[in-house]
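*Asks:* Any chance you can model this:
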Amino acid sequence: MKILTGNDLGTGDVIWWAGDGWSRQVGDSVDVGERGDELARAEEAALRVVGAYVIDATVTDEGIRPAHIKDRIRALGPTVRPDLTLKPHDADAGNWVI
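*Replies:* Now for the predicted structure:
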């Protein structure tokens, strides 16, 4: 599975392509398949996202999970301030980085 991520141009928030727009929740991501790079360029040109790139992900019983630890951390929020992390749909998300 390939998903698209980047940062919101206005807020800097990590965002994920949800098929019809962007979401702050990785669980809302959809598989972009082979069209991810094309979609990233179009969304950047429309000034909706900055730094968009395609990543590998897997689908677990709990939902979508980025394959690489860097993107798992991006999906959850700051590791130095657990009180500021996002509360994803996956209740076990805190264990993703282990």
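
*Asks:* So for this structure, the centremost residue is which one?
*Replies:* W16 (3.8 Å; CA atoms, centre = their mean).

*Asks:* Tell me both backbone torsions, phi and psi, for the nearest residue to that residue once chain neighbours are set aside.
*Replies:* The shortest distance from W16 to any non-neighbouring residue, by CB to CB, 6 or more residues apart in numbering, is to S29 (4.4 Å). In this view, the C-beta of every residue, glycine as well, is placed from N, C-alpha and C. Backbone dihedrals for S29, given as degrees, to the nearest 10, come out at phi -60, psi 150.

*Asks:* re earlier: state the three-state secondary structure for the residue nearest to the centre of the chain.
*Replies:* Look at W16: counting by DSSP: H, G, I helix; E, B strand; the rest coil, its state is strand.

*Asks:* For the helix or strand hosting E38, which outside residues touch it?
*Replies:* Using DSSP states H and E, E38 falls within helix 36-45. Residues outside helix 36-45 that contact it (CB atoms under 8 Å, 6 or more residues apart in numbering): 2-4, 6, 17, 22, 32, 49-50, 52-54.

*Asks:* looking only at pLDDT, what's the mean for it?
*Replies:* The average pLDDT within helix 36-45 is 97.

*Asks:* repeat for stretch 75-93
*Replies:* The model assigns stretch 75-93 a mean pLDDT of 65.

*Asks:* which residues sit against whichever strand in the chain runs longest?
*Replies:* Criterion DSSP state E: the longest strand present in the chain is strand 49-60. The set of residues external to strand 49-60 that reach it, using CB under 8 Å, 6+ apart, is 1-9, 15, 22, 26, 29, 32, 36-37, 39-41, 43-44, 64-68, 71, 90.

*Asks:* List the residues that contact the residue nearest to W16.
*Replies:* 3-5, 16-18, 23, 57, 64.

*Asks:* still on that earlier bit, output the following helix or strand past the longest strand of the chain as CSV, restricted to C-alpha atoms.
*Replies:* Later in the chain than strand 49-60, the nearest helix or strand by DSSP H and E is strand 63-66. The C-alpha trace of strand 63-66 is given here as CSV (Å, rounded to 0.1, in the frame of the first residue of the first chain):
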residue,chain,number,x,y,z
GLY,A,63,-6.2,0.4,10.5
ILE,A,64,-3.5,1.9,8.3
ARG,A,65,0.1,2.0,9.7
PRO,A,66,3.1,3.7,8.1
